[in-house]
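Trainee: Pasting a predicted model and its sequence here:
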Amino acid sequence: MTSLKKLSLGDILYKYLTFNGIGKYEVIGIREYSKGQVQYELLCHACTHGYKCEVLVTATTKGRFEYVSMIKGEDQEYWHDDSPYFLTQNEAIIYQSNKILSKKSKEINNLEKKLEDAKKSYSEVETYINTIKTVIK
């Protein structure tokens, strides 16, 4: 994972946008607070609804940037608050791909459990039928 650096105006961050692929966000403002906390104002270049949303993010210890709030475009928040922001497109793609793999893995585990339960139930019915056949003879 790319180590986090202090961003500058004009730097670009990326995030996965549901149904839209990888979104590009430009740093248009920097807010520095006491105790060293820094937040970045981002302009979304992926927005196509009539204006460009502006988002506030902050760096995390997880090596990425997380959503804080909307600055402009509050009615579009659901596009911007659901996944982290990254320094590279590849990091955004890998993050989203891992999220998909995790979901699919859970689905597979659930289906395997259902199959195991169905096999057990089948075996129990089969045993019951064989018991009845033995008694009837």
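Mentor: Arrived safely, thanks for sending.
Trainee: Give the next helix or strand downstream of the helix or strand bottoming out on mean pLDDT in the chain.
Mentor: Among the helices and strands of the chain, helix 77-80 carries the lowest confidence by mean pLDDT, DSSP states H and E, at a mean of 68. Following helix 77-80 in sequence order, the next helix or strand is helix 89-136 (DSSP states H and E).
Trainee: for the record, mean pLDDT for that next one?
Mentor: Across helix 89-136, pLDDT averages out at 92.
Trainee: per-residue pLDDT, the residue nearest the centre of the chain?
Mentor: In the chain, the centroid-proximal residue (CA atoms, centre = their mean) is residue 83; its distance is 4.5 Å. If you check residue 83, the pLDDT there is 81.
Trainee: please renumber so the chain begins at 462
Mentor: Got it, the first residue is 462 from now on, which makes the last one we talked about residue 544.
Trainee: Assess the claim that residue 478 and residue 485 are in contact.
Mentor: No. Residue 478 is beyond contact range of residue 485, at 9.7 Å (criterion: CB atoms under 8 Å). Every residue, glycine included, has its C-beta placed from N, CA and C.
Trainee: more crowded one of those two?
Mentor: Applying other CB atoms under 10 Å to residue 478 and residue 485 shows that residue 478 carries more neighbours, namely 19 against 16.
Trainee: which strand residues sit across from the more buried one in the sheet?
Mentor: Beta-bridge partners of residue 478, counted by DSSP bridges, are residue 482.
Trainee: Ok, residue 505 next?
Mentor: residue 486.
Trainee: can you pull the contacts of it?
Mentor: By CB atoms under 8 Å, 6 or more residues apart in numbering, residue 505 lies in contact with 484, 485, 486, 513, 514, 515, 516, 534, 540, 541.
Trainee: and the residue lying closest to residue 526 once chain neighbours are set aside, how many neighbours does it have?
Mentor: Residue nearest to residue 526 in three dimensions, not counting chain neighbours: residue 546, with 3.9 Å by CB to CB, 6 or more residues apart in numbering. Neighbours of residue 546 under the rule other CB under 10 Å: 26.
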